[in-house]
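**Student:** please find the sequence and the predicted model below.
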Number of protein chains: 4
Amino acid sequence: MKRRSLFVLFSFLFIVLSAQKEGTIVIDDAVRQHYRQEILIPDIPGYVTLKCDFHLHTVYSDGSLWPTVRVSEAWEDGLDAIAITDHIENHPKKMPGQKRAQYDVALPSALTANIILIRGGEISRSMPPGHFNALFVKDVDALDLPDVMDAIGEAVKQGGFIIWNHPGWRKQQPDTTKWWKEHDEIYRRGWMHGIEVFNEKEWYPEAIRWAMEKNLTITGNSDVHDFYENYYDQGKYPVRPVTLVFAKERTEEGVKEAMFARRTATLFFNNLVGRKELIEPLIMRSIKVEPSHFHEDGYAYFSVKNLTDIEFTMVKTGTDKSELPERTVLPRRGTIVLRAKQPKGQTVSYTYNLENVLTGVEQYYEYRITVK
Amino acid sequence: MKRRSLFVLFSFLFIVLSAQKEGTIVIDDAVRQHYRQEILIPDIPGYVTLKCDFHLHTVYSDGSLWPTVRVSEAWEDGLDAIAITDHIENHPKKMPGQKRAQYDVALPSALTANIILIRGGEISRSMPPGHFNALFVKDVDALDLPDVMDAIGEAVKQGGFIIWNHPGWRKQQPDTTKWWKEHDEIYRRGWMHGIEVFNEKEWYPEAIRWAMEKNLTITGNSDVHDFYENYYDQGKYPVRPVTLVFAKERTEEGVKEAMFARRTATLFFNNLVGRKELIEPLIMRSIKVEPSHFHEDGYAYFSVKNLTDIEFTMVKTGTDKSELPERTVLPRRGTIVLRAKQPKGQTVSYTYNLENVLTGVEQYYEYRITVK
Amino acid sequence: MKRRSLFVLFSFLFIVLSAQKEGTIVIDDAVRQHYRQEILIPDIPGYVTLKCDFHLHTVYSDGSLWPTVRVSEAWEDGLDAIAITDHIENHPKKMPGQKRAQYDVALPSALTANIILIRGGEISRSMPPGHFNALFVKDVDALDLPDVMDAIGEAVKQGGFIIWNHPGWRKQQPDTTKWWKEHDEIYRRGWMHGIEVFNEKEWYPEAIRWAMEKNLTITGNSDVHDFYENYYDQGKYPVRPVTLVFAKERTEEGVKEAMFARRTATLFFNNLVGRKELIEPLIMRSIKVEPSHFHEDGYAYFSVKNLTDIEFTMVKTGTDKSELPERTVLPRRGTIVLRAKQPKGQTVSYTYNLENVLTGVEQYYEYRITVK
Amino acid sequence: MKRRSLFVLFSFLFIVLSAQKEGTIVIDDAVRQHYRQEILIPDIPGYVTLKCDFHLHTVYSDGSLWPTVRVSEAWEDGLDAIAITDHIENHPKKMPGQKRAQYDVALPSALTANIILIRGGEISRSMPPGHFNALFVKDVDALDLPDVMDAIGEAVKQGGFIIWNHPGWRKQQPDTTKWWKEHDEIYRRGWMHGIEVFNEKEWYPEAIRWAMEKNLTITGNSDVHDFYENYYDQGKYPVRPVTLVFAKERTEEGVKEAMFARRTATLFFNNLVGRKELIEPLIMRSIKVEPSHFHEDGYAYFSVKNLTDIEFTMVKTGTDKSELPERTVLPRRGTIVLRAKQPKGQTVSYTYNLENVLTGVEQYYEYRITVK
């Protein structure tokens, strides 16, 4: 049944309820409703917090789906910006004679769905130096050059933003996560702008260290080849892994400016990694401690609210007589009640490490709870 | 294993993560996390919107659970106030010799969980006049009087708020939903303050009519006897049926004042019923129409955001050339994109009936979408 | 990351658990496990019951995914046989210059997964005569002929099995479900072997009537263009719509023989439609009534077990004094206990219509419960 | 609303679909369907495999629900036998003046639902010797004796089966899981018949060792105080922790005979623990290896079917050139396809440890896969 145009532009954006027709019985509830659900992560003072995935594949390389699907997935999942980054090198094998059309095919869907679509591609070589995403480029075909340095150089010439992808991928770095002399060369030329701290289902403490030491933009991306929902268990982790971009405005130019200015973090399966100066204002708007609502037998009872879609794991630092729990969880969009042994009418502070929030390798963000 | 105090006061309010012990292996993830999730329904100008269930049973009549469970359920489900309203009449049959202790047993849990617990009971007689809830009373034992008018009168004397429960319950009103002369008498004396428009899993258009004509407070309550989650399918309808109370403050006194002032509505399984002057400001804060983000070939594309946990069903009223969908759904916390055929740069309005929002019998709230 | 070969042959068939690598942290539980789940529908005496979907699309016409995905979906969902039936006519528009490779691309996956892959295509014309699937053909390219009768004739010449697809599709039959003179012509030539009683999310009582009157093979197929799970709500209906084929053996030849011999039925969202001589033995092996396990006060209590993945809706026929429920549901793989007022020690029978089982238009299968 | 009798006997056993009444609108789908789902675990030669929970609490001690709920939960969850084992000691505190009625209250539900209800109680003392369940006793009140040895002795005199509960519970055994001299005394008198290897959410390797060395009956029980589904995450682990009893018949006498004869095992969250002579025939009927369905390039492809509700974790033992996965998972009721490098036409065997199946402390059951 030819029920869809070749390029699905519009029909995924809302639900049309059926009217029954004489002689045809429609079972509407067998079909899923599609709609956008925002990811609840607050803006920080001066910037909007955009949720982005800069590493996606389609049938135009070794992915298993048509480019428009990447837009509809992103729209449903609450993303603001995506890049379809099919491998430059293995493009023609699967569909001989086809042009690299992934961006053009997806663009009409992106415009109607209000998703920022960034042109890009993945330069995919053996290690060293491995794989690199080139974002914001103008002509992806021009990146198809035999020498990897030529390819990266061409991307930079086009104004591209270069990310070293999955630096600890075991297939390319089986024993250690190593920075090769080839990476020194790329870095020295100013061609390595960012790095993936997270990719697909794994993350790399070494990459966090390099990002901090060498001042690289932190990113985390899905690199998904399948349908998103078929690959990941969204029942377990409802929020997609994303690069958080703290942008001046929700536009492609806004994303680009923030990326080059290194105003990013990454969130993957409740783990949040970023520079402390960006993480701190984000957390300040993420958790709310209410004044105590009840006091009895020397204990104050108070609520702690999580205003986000990130589950926080809290571990007490220091010792005191409060009898607060040593380890607890603050579920996404959830509220818990804690009980602290403290005198009525006094204001007391306690500190917890957020074990899922890293501002460096093994550096947990310390959160202060102040109870009135 | 005696692992809980007899009166569970505190331990349900947060999650303690286990530390493994030598020789004992703990499977923490087999156990559910419990925490509060707020119901997303906006306040209206001048009032906070409290979510309440004024009709609940426990083992102190024919329910199947201990009163503290009603508090932990309410806390988890995002309620603000509840009343445990065990049947006055059949109390002693199940636990001979026991006192009516439901309120006192549940109170410590309510204080720690910050749930407003309202003292009450259900006067449960055959039809006419049927069952009545008495809320905010001081002494439930004193309501155990042979004559139903005496019982209601005693409740009123104690300052009680009286609700006619499930007026269309088929077991008591098998053929029609009838207003008997006995109800006239109760009403004439000023003893009938409110009515259940919704009860358990059914609702009564007749009760909406009476509420509007006779100026009764609208309520809707679960009347649940089982564990809440065992009885209802929360996978299908995540939000509990509630009486919405538009109160000056989140206190028992605030609830009581609003109830007598008839500032209520009821929400049950996405159906919202209330007086137009309260529904209108609620809807104004519930749905947000964004300016169009894209215009092409004479069509404007724009987002409609649902800021609540209520799923709205929209049905177009009137005819126009916009090609907007005749029927669509605005899912809870969801965003849809609509496409209207309208000239670029113009502002045009369209009207939809919200088929799940009633301001009277078969009176749907008409919502205006204005597209820039 | 180039982590998959171009043609995914093997890796979807089981789960490999990760070993952690120094410097790389793998979050295994973020990723879904994939495995096959059989659909529980019994064989009937003399035949195996195969679950088949004969109408599927891919990027080789207007579908949104690569052909191998259709195999992995079918394997996971418990199917035995599928046909990828991309539209003959609109193939070249989407990928200019590409060959019709859907069958050849999918075949290696099918062989490793033990899925019977049937070569086919959809001849897709305006009404009359509409769309037709040609199955078991040898050369799909040869069906690309301007005249629809030539196209169907070529398919028949190749040994093809011809199905009239979605005869009541509102886009082609907006007002009624009509049998045109063109269908008479196809039927007269012996070219119409089967008909879709169900397609995608709708079904056609007229098609049931024609199947019975004109002795056509009954089919029901998904016609899915999207990723299966993205389109259908498998939380609501875990079993895919299928054509049930009662075959002598689980081979392509077995499927073909049974299709031409009309030994089929269709199951869609708990609705089962087929000829009575096939439905009866299927139901006999689907439901089991246990002897009563308890008798008290003149009532016998007994279990009714559903041995299948089909939910049955039972409605009592006739009247008696048993006090059995008038309407009940027998959930999939579930057991219910019923209570019948009947003398101890006697054996009594009761009849229920299975409202979800049709052996003709509005002809429900009548099931006899015999209680000992 | 008094819609239930005080003792719910029957109504939970099936679903009655509503007929709409004039003036009352029923929202049937807001309410959950309740029905029994069998746990798929095979019988072994000569015995039926009964699924039992011998440790449950209600409001008659420190549980939070009415005894009938324990029966309806067990029926839904596919259990065959349960014991309600309220603490002997703290009974009267919660409901002063109430009799110990848990068994009598629950019995009518058990009879109608065909659940074997075993009379019992928990003798609950500080360590040593801790808590003991007494099953199959005649008079629970008579166990309420000040001296713990008197209490156990009385239970034995009544024909009771005695289980040492949660021997490694950290609250009573904070540092180690210790066998005290008091346990020696109980054991020496022949009064300790069984032991809990699993309780609630934890298990005790020491208890496995003692069970094997001292020839105690292996049990595992939930000890649940809450509503079952509220406490455990049944989305994650659909099968309840159970004691498996290999009985000659499905009767109370059958359970008792098997318990005293030590023909038991325990299954908790996919972990299966038991004696090898019982585990072996169970596994033989649990997993089925199909002959290879495809052979290419020196690889045989074959299916492995899990016929149970237990998820098996398979880890390869020994080394070979088969290239079979080192670690994989065989999901419940699921099928996986494996690929072994082996010559066409030959039959080869491979061995895997089932890491979730223990026949002793750190003794995994070794499973042999034979591929034709």
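**Tutor:** Looks like it arrived, so ask away. This structure is a prediction, so every number in the text was calculated from the model and none was measured.
**Student:** tell me if residue A:254 really is in a strand.
**Tutor:** No. Assigned with DSSP: H, G, I helix; E, B strand; the rest coil, residue A:254 falls outside any strand and is helix.
**Student:** that one touches residue A:247, doesn't it?
**Tutor:** Yes. Here residue A:254 reaches residue A:247: they are 3.8 Å apart, a contact under C-beta atoms under 8 Å. All C-beta atoms are positioned from the backbone trio N, CA, C, and that covers glycine.
**Student:** these two - which one has more neighbours?
**Tutor:** Set residue A:254 next to residue A:247 and count neighbours by other C-beta atoms under 10 Å in any protein chain shown: residue A:247 wins out with 27 against 20.
**Student:** list the contacts of the residue in the stretch 151-300 of chain A that chain B sits nearest to.
**Tutor:** Residue nearest to chain B within the stretch 151-300 of chain A (C-beta to the nearest C-beta): residue A:293, separated by 4.4 Å. Applying C-beta atoms under 8 Å, 6 or more residues apart in numbering or on different chains to residue A:293 gives the contacts A:301-303, B:114.
**Student:** checking residue A:282 next. Helix, strand or coil?
**Tutor:** helix.
**Student:** distance check, it against residue B:187.
**Tutor:** 56 Å (C-beta to C-beta, to the nearest Å).
**Student:** got the contact list for residue A:24?
**Tutor:** C:168-170, C:177, C:202-204.
**Student:** show me what it is bridged to.
**Tutor:** Residue A:24 has these beta-bridge partners by DSSP bridges: residue A:21.
**Student:** how confident was the prediction at residue A:2?
**Tutor:** Note for residue A:2: predicted pLDDT of 33.
**Student:** now residue A:242
**Tutor:** Reading off the model, residue A:242 has pLDDT 98.
**Student:** go on, the one 5 residues further on?
**Tutor:** Listed pLDDT for residue A:247 reads 98.
**Student:** domain assignment for chain A?
**Tutor:** What automatic domain parsing lists as the domains of chain A is A:37-281, A:286-371.
**Student:** most packed of these?
**Tutor:** Ranked by mean neighbour count, these are led by domain A:37-281 with a mean of 21 (mean count of other C-beta atoms under 10 Å in any protein chain shown).
**Student:** that one and chain B, any residue contact?
**Tutor:** Yes. Against chain B, domain A:37-281 shows contacts by C-beta under 8 Å from any C-beta of the partner chain at A:37-38, A:75, A:111-114.
**Student:** picking up where we left off before, need the overlap of contacts for residue A:254 and residue A:247.
**Tutor:** Common neighbours of residue A:254 and residue A:247 (C-beta under 8 Å, 6+ apart) are A:48, A:50.
**Student:** quick one: contacts for the nearest residue to residue A:281 once chain neighbours are set aside?
**Tutor:** Take residue A:281 and drop its neighbours on the chain: the residue closest to it by C-beta to C-beta, 6 or more residues apart in numbering or on different chains is residue A:44, 4.2 Å away. Neighbouring residues of residue A:44 by C-beta under 8 Å, 6+ apart: A:246, A:278, A:281-282, A:285.
**Student:** cool, residue A:119 as well?
**Tutor:** A:83, A:103, A:135-138, A:140.
**Student:** give me that answer again for 7 Å
**Tutor:** A:103, A:136-137, A:140 (C-beta atoms under 7 Å, 6 or more residues apart in numbering or on different chains).
**Student:** show me what it is bridged to.
**Tutor:** With DSSP bridges as the rule, residue A:119 is bridged to residue A:84.
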